[in-house]
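return a 3D structure for these sequence lines:
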Amino acid sequence: MKNKKHQLTRWKLRFFAWLIVSCLLLLVSNGWFVNLTSARIAKPENGCSSDYKVALVFGTSQFLRSGRPNPHYYGRIDLAALLYQQGKVQHLLLSGDNRSQYYNEPAKMQQDLLERGVPLEAMTLDAAGFSTFDSLKRSQAIYGLNELLLITQHYHLPRALFIANHLGLKTAGCAAEGPEWSAMRTVWFREMAARLKTLGDLYIWQREPSVLGEPQPLKF
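This is a model prediction of the structure:
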């Protein structure tokens, strides 16, 4: 009986030690991401950088699981159209998931941007942007880009900018509108875990994109 209690106590101690270490890693990694990237993030009302010819727009689903419109998607689309119309960027690289003929994030973004007045020739579709890393690596390896303005929500930008810096890309972030914090808690916690995973992808597993291919340098 005593042995069982002793084993249970040791198991609990190991669990709590693991929990404490995990929390510390989350906090440290997130602090590192924010400190390295915060100076390169702006909101449209404060003046996003106009030093970049191309903006990379990260794809996401048009609808939430509930079936309602996804504010993350429309925030990115509206901002991309605004920056193009203001002359702050000349071209939009629309990168996202194209997992089937029924789900194509870049094609949907293009359709909605056309409706917002962005001409077809000002957009390029990257249908193999299955992750933040894939989108950034492909922008460099496939499309020959070394300087980009990144368009996504504020919570996502530190990770995107961190990855871009690791790849040697010159980037700045322009934060799109999104839901209020009260509706974003789960998203924020997922993002914190994703930042920690990114460190493993970049420095331990040395991740490569899911799909590469022949270079197709952008011409515009």
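
so how far does stretch 137-152 reach from one end to the other?
Across stretch 137-152, the terminal residues are separated by 17 Å (CA to CA, to the nearest Å).

with stretch 132-152 instead?
Using CA to CA, the two ends of stretch 132-152 sit 10 Å apart.

can you check stretch 39-48 too?
End-to-end for stretch 39-48, by CA to CA: 12 Å.

numbering from 564 from now on, please.
Will do, 564 is the new start, and the previous item becomes stretch 602-611.

now do the buried residues in that stretch.
Buried residues in stretch 602-611, counting neighbours by 16 or more other CB atoms under 10 Å, are found at 603, 604, 605, 607, 611. To be clear about C-beta, it is placed using only N, CA and C from the backbone, and glycine gets the same treatment.

what's the answer for stretch 630-640, then?
Buried, per 16+ other CB under 10 Å, within stretch 630-640: 633, 634, 635, 636, 637, 638, 639, 640.

what does that stretch contact?
Stretch 630-640 is contacted by residues 620-621, 623-627, 672, 675-676, 679, 714-716, 739-742 when judged by CB atoms under 8 Å, 6 or more residues apart in numbering.

before we move on, what about stretch 662-671?
Contacts of stretch 662-671 (CB under 8 Å, 6+ apart): 622-625, 657-661, 688-690, 692.

how about 7 Å then?
622, 623, 625, 657, 658, 659, 660, 661, 688, 689, 690 (CB atoms under 7 Å, 6 or more residues apart in numbering).
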